[in-house]
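Undergrad: Show me the folded form of this:
(2 chains)
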Amino acid sequence: MANPELYWLPQSDRWLSDVKAVEALPPGDVTSWDAMRALAGIRIDFLQTMRLDRQIGRLFPDAQPDALTSQPIRLAILGTATVDHLCAGIRVALLRRGLWAATYVCHYGMMQQELFDTNSDLHRFAPTHVLFSIDAANLTSALDTATEPEQARAALAAAVGDIRGMWKTVRETLRAKVIQQTVVPRQLSLMGSNDHRAPASRDWFVSQYNDALRQCADTDGADLVAVDRRIAQDGLRAWHTPNLWHRAKQEIAPGAAPMYGELVARVLAAQQGRSHKCLILDLDNTMWGGVIGDDGLQGIKLGQGNAYGEAFLAFQSYVRDLGRRGVILAVCSKNDEANAIAPFVEHPEMLLRKEDIACFVANWNDKASNIRAIAKQLNIGLDACAFVDDNPFERNLVRQELPMVAVPEMSEDPASYAQTVADAGYFEGLSLTDEDLTRNQLYQANWEREALRESSTDLGSYLRGLDMKMVWRLFDQVGAARITQLINKTNQFNLTTRRYTDDEVAAVMDDPAAFGLQIRLIDRFGDNGIVSIIIGRLQPDKNVIIDTWLMSCRVLGRQMEEATLNLVAAEAKRLGGHSLVGEYRPTKKNGMVKEHYQRLGFTVIEEQEDGASTSRLDLDGFEPAETFIKVTEGSDA
Amino acid sequence: MTEAEIYERLNSVFHAVFFDDAIQVKAETSAPDVDGWDSVAHVNLMVAVESEFGIEFTTQELESMDTVGDMARLIAAKAK
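TA: Next up, the predicted model:
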């Protein structure tokens, strides 16, 4: 009976020490709310949720922080069963959204009395919102005596009438907003699949009642918290444990409280217009399999024919549906723009087309800067943005730089992407307007280009925390297959695009006047594998010509270039070289490295009309650049 | 799992449930010995123990655990 997990939230090994730091803060400390909010953004279980909730109660017991501009929420929970244990989940899920609430739980078994008695504690609490939670045993007790279909129908009509009467009192007497939890579908069937033919079936009764709630909620202006539909995803056993019901009258198990809180908080946040509005998408290995700049239109995996390609298609289908219902779609990709757009225009299997995307940003800037630009362009807040990327480096950079942007953890399997975005609940909505249905057309596709040059992102502090290790080896038989593969498929970060056969790679190993480097990058998210290949050749004039320098774009912007140059210089000196000579040979795809050598301090000594160039770096005066990458020779970390 | 291991893991469960890292449980520890061990906290404790040890208690067992020693014996019998 695994608890429903908030699995899209990132994990943190610092959570305990961070919560202890909050526990040491005095009441009134202005930093405590943000510190707690950060702790609520981590994947926590019900005990951690309770622990954090105690701090909300200690630091902000009676009123929300002055800095909050949102409406204070006063939430009364009227339940027929025990619901006290669900409050922490609700308050922490609100905290996750930057919202504060006072909560009140009616006395056990006193829901109706408190509601209809204007002198009750409930009325004194003066709620802004009332959440009804009717347990399945209470609801279906009307069936104890019903055996005929008409009796069951009458019982259903009476139960629906009862709840609508209570909603009316909430609206008219308490002047509060109604939120109705659907009934937990935990009753057992009497006949099996055709239980709807059994008048006394409690399972069918609950199902019909939930249907009726949906219809009445629309006419009566109530909003639902659909635990029945969530349970259909998670399984009843994750939400309800019979022995806890018998022991404590908890219909919803404590382990499900964080998820319950999420569902309630999403509705409360949506009522305040605090749902996310925009889904920002990475492209390579997020919208299709592979790297468009290297693999090309024919090489990327997308569409029918294999499971991997279909998984990406399924994600695109879900994203497109979200776009059609009013979620703004944007693209933020590290790519040359022409490469990134090509599939949207030319790939026959692409479901998402150019006109589905309201803002399209493809360049080599850091993603935090690009996301800032996208939000500005679309004129929405950063806290209205959610960003989906398969790459943990990018996800964590954005989380660190832009903590207000929602960034779900993604598993490595694209088949899970759509489910993850759905479960994260970023785009909770309460109604659809005509504008929602046409929103993406309202935005002229914005193709942001040069305007995005300046970056205000503090990459240094992020890179320092990555614990990057560069592990290099000379070419060897073990690595030969991967070396040949990289040499022959890398198109973008590839200075010369010289292709090598297996035999030619082997020849480099045997040549005493040459060196071939295979470079691996490991960071705290894991091993990126071999990400860079260099081949250098010593000439009789003591120049070392860099025959090949290529790198995976996945590790761009992480000081790999500088650290690699340090290594290349050392190897060149080992062979007795006096200077490095680097060539750039332009192709359709490698424009991004046109100025690679200049950026590293080389001097251009020759330029051709087609853009090709040769640059030189004197090794005598060469000072290795400082980087955050620890460099070691060897086979692993 | 040795008895010492069970008690060590129970200690960390108690720390999480009662927000107190100083708790050191013994076989004879029961509700009056721990601040905040009321009926609500007891349910949380049971659920947390189940999840820590990957076991499930039956309804009778839930009723029968009065001391940490009772708990540890049931865990030893159930956890493999």
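
Undergrad: Pull the distance from the helix or strand bottoming out on mean pLDDT in chain B to the chain's centre.
TA: Every helix and strand of chain B was ranked by mean pLDDT, DSSP states H and E. The lowest is helix B:59-64, at a mean of 87. Centroid separation for helix B:59-64 versus its chain: 13 Å, with CA atoms, centre = their mean, to the nearest Å.

Undergrad: Those residues of chain B touching chain A, which are they?
TA: B:16-17, B:19, B:39-40, B:43-44, B:46-48, B:51, B:56-59, B:62-63 (CB under 8 Å from any CB of the partner chain). C-beta here means a position set from N, CA and C on the backbone, and glycine is covered the same way.

Undergrad: please redo it, this time with the cut-off set to 7 Å
TA: Chain B comes close to chain A at residues B:16-17, B:19, B:40, B:43-44, B:47-48, B:51, B:56, B:58-59, B:62, as judged by CB under 7 Å from any CB of the partner chain.

Undergrad: in chain A, which helix has the most residues?
TA: helix A:149-169 (DSSP state H).

Undergrad: If you count contacts, what does the helix or strand following it end up packed against?
TA: Moving toward the C-terminus from helix A:149-169, the next helix or strand (DSSP states H and E) is strand A:177-181. The contact analysis (3 or more CB pairs under 7 Å, 6 or more residues apart in numbering or on different chains; DSSP states H and E) places strand A:177-181 against strand A:129-133, strand A:223-225.

Undergrad: before we move on, back to that, just the buried ones from the residues of chain B next to chain A?
TA: Burial of the residues of chain B next to chain A was assessed by neighbour count (16 or more other CB atoms under 10 Å in any protein chain shown); the buried members are B:16, B:17, B:19, B:43, B:44, B:47, B:48, B:51, B:62.

Undergrad: Bridging across strands, which residues link to residue A:279?
TA: Counting by DSSP bridges, residue A:279 is bridged to residue A:329, residue A:386.

Undergrad: related to what we said a few turns ago, just how off-centre is the longest helix of chain A within its chain?
TA: So, by CA atoms, centre = their mean, the centroid of helix A:149-169 is 42 Å from its chain's centroid.

Undergrad: ok, now how distant is the nearest residue to residue A:11 once chain neighbours are set aside from residue A:246?
TA: Nearest non-adjacent residue to residue A:11, counting by CB to CB, 6 or more residues apart in numbering or on different chains: residue A:43, 5.1 Å away. Distance, residue A:43 to residue A:246, using CB to CB, to the nearest Å: 30 Å.

Undergrad: how far off strand A:129-133 does the helix or strand hosting residue A:270 point, in degrees?
TA: Using DSSP H and E, residue A:270 sits within helix A:257-271. Relative orientation of helix A:257-271 and strand A:129-133, computed by axes from the mean of the first three to the mean of the last three CA atoms, to 10 degrees: 140 degrees.

Undergrad: can you tell if helix A:257-271 touches chain B?
TA: No - using CB under 7 Å from any CB, we find that helix A:257-271 stays clear of chain B, coming within 9.7 Å at best.

Undergrad: quick one: buried residues of that helix?
TA: Applying 16+ other CB under 10 Å to helix A:257-271 flags A:257-271 as buried.

Undergrad: From those residues, pick the one nearest residue A:345.
TA: Proximity of those to residue A:345 (CB to CB) peaks at residue A:270, which lies at 35.1 Å.

Undergrad: show me the contacts for the closest one.
TA: Residues in contact with residue A:270 (CB atoms under 7 Å, 6 or more residues apart in numbering or on different chains) are A:428, A:429, A:430.

Undergrad: Could you identify the buried members of these?
TA: Using 16+ other CB under 10 Å, the buried members of these are residue A:428.

Undergrad: The contacts of residue A:270 into JSON lines, with extra columns for distance to residue A:170, secondary structure and pLDDT?
TA: Below are the contacts of residue A:270 laid out as JSON lines (distance: CB to CB, whole Å; DSSP: H, G, I helix; E, B strand; the rest coil; pLDDT from 0 to 100):
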{"residue": "A:428", "distance to residue A:170": "21", "secondary structure": "coil", "pLDDT": "96"}
{"residue": "A:429", "distance to residue A:170": "22", "secondary structure": "coil", "pLDDT": "93"}
{"residue": "A:430", "distance to residue A:170": "17", "secondary structure": "coil", "pLDDT": "92"}
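
Undergrad: What parts of the stretch 201-350 of chain A come near chain B?
TA: Counting by CB under 7 Å from any CB, the stretch 201-350 of chain A sits next to chain B at A:243, A:244, A:246, A:247, A:248, A:250, A:253, A:254, A:255.

Undergrad: Please tabulate those in a markdown table, including the columns distance to residue A:416, pLDDT and secondary structure.
TA: As requested, these are arranged in a markdown table below (distance: CB to CB, whole Å; pLDDT from 0 to 100; DSSP: H, G, I helix; E, B strand; the rest coil):
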| residue | distance to residue A:416 | pLDDT | secondary structure |
| --- | --- | --- | --- |
| A:243 | 32 | 90 | helix |
| A:244 | 30 | 91 | helix |
| A:246 | 36 | 92 | helix |
| A:247 | 36 | 88 | helix |
| A:248 | 34 | 91 | helix |
| A:250 | 31 | 95 | coil |
| A:253 | 25 | 95 | coil |
| A:254 | 27 | 94 | helix |
| A:255 | 22 | 95 | helix |
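
Undergrad: quick one: which of those residues is most hemmed in?
TA: residue A:254 (28 neighbours; other CB atoms under 10 Å in any protein chain shown).

Undergrad: Report the contact partners of residue A:486.
TA: Taking CB under 7 Å, 6+ apart, one finds A:530, A:533, A:550 in contact with residue A:486.

Undergrad: In the stretch 301-450 of chain A, what residue spans correspond to strands?
TA: In the stretch 301-450 of chain A, the strands defined using DSSP state E, counting those that start in this stretch lie at A:328-334, A:359-363, A:385-388, A:446-447.
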